[in-house]
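> here you go, sequence then predicted model.
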Number of protein chains: 2
Amino acid sequence: MTSLNYNIEKEYGVISESKKGWKKELNLVSWNDRNSKYDLRDWAPGREKMGKGITLTGEELIRLRDLLNEMDL
Amino acid sequence: MTSLNYNIEKEYGVISESKKGWKKELNLVSWNDRNSKYDLRDWAPGREKMGKGITLTGEELIRLRDLLNEMDL
């Protein structure tokens, strides 16, 4: 992971926080100076470490939103 | 990954599909016979392989839904 650089361009919000302070966040992130993508990921306090996550396009996020709105949560 | 077993208990929908046929899906999955969680993940055709993904609790999914509904997508 040492050669990975990222830039968090926009923060949409925190989805949850663990007892150890890791936060699951939805952000707009540019990885290695590529085009930015939406990113759903766990971050350690102060963003010192990153955990597992996935990146999503705008279209995928719209589809996900529509699916979630159809669900009985 | 050989000792990992999973059971897809419910399928909510496909979020996208790649040219190679991998699908990003939202499912309810039980991993290694533990309590089921929501799972957002890429799957190869026929679910022969699994890609990167994250699991979410119901509360996290509600929060994510609310965030997405606030966004201008």
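In hand now; what should we look at?
> tell me the contacts of the most centrally placed residue in chain A?
Nearest to the mean C-alpha position of chain A, by Cα atoms, centre = their mean, lies A:L40 at 2.4 Å. Contacts for A:L40 (Cβ atoms under 8 Å, 6 or more residues apart in numbering or on different chains) come out as A:15, A:24-26, A:53-56, B:40, B:54, B:64. Where C-beta positions appear, they are placed from N, C-alpha and C, glycine not excepted.
> repeat for A:G13
A:G13 makes contact with A:25-26, B:63, B:67, B:70, according to Cβ under 8 Å, 6+ apart.
> how about A:T55, secondary structure?
At A:T55, secondary structure determined by DSSP: H, G, I helix; E, B strand; the rest coil is strand.
> tell me the pLDDT of it.
Per-residue confidence (pLDDT) for A:T55: 95.
> how about A:E59, phi and psi?
Main-chain torsions, A:E59, degrees, to the nearest 10: phi -60, psi -40.
> same thing with A:W31?
Phi and psi for A:W31, reported as degrees, to the nearest 10, are phi -100, psi 130.
> I figured it hits A:L4, correct?
Yes: at 6.9 Å, A:W31 counts as touching A:L4 under the criterion of Cβ atoms under 8 Å.
> joint contacts of these two?
Common neighbours of A:W31 and A:L4 are not found (criterion: Cβ under 8 Å, 6+ apart).
> which of those two has more residues huddled nearby?
Higher neighbour count among A:W31 and A:L4: A:W31, with 14 against 8, using other Cβ atoms under 10 Å in any protein chain shown.
> now do the same contact list for the closest residue to that one other than its chain neighbours.
Sequence neighbours aside, A:Y6 is the residue nearest to A:W31 in space, at 5.2 Å (criterion: Cβ to Cβ, 6 or more residues apart in numbering or on different chains). Going by Cβ under 8 Å, 6+ apart, A:Y6 touches A:29-32.
> show me what counts as buried in the lowest-mean-pLDDT helix or strand in chain A.
When the helices and strands of chain A are compared on mean pLDDT, DSSP states H and E, strand A:50-56 comes out lowest with a mean of 94. In terms of neighbour count (16 or more other Cβ atoms under 10 Å in any protein chain shown), strand A:50-56 has its buried residues at A:50, A:53-54, A:56.
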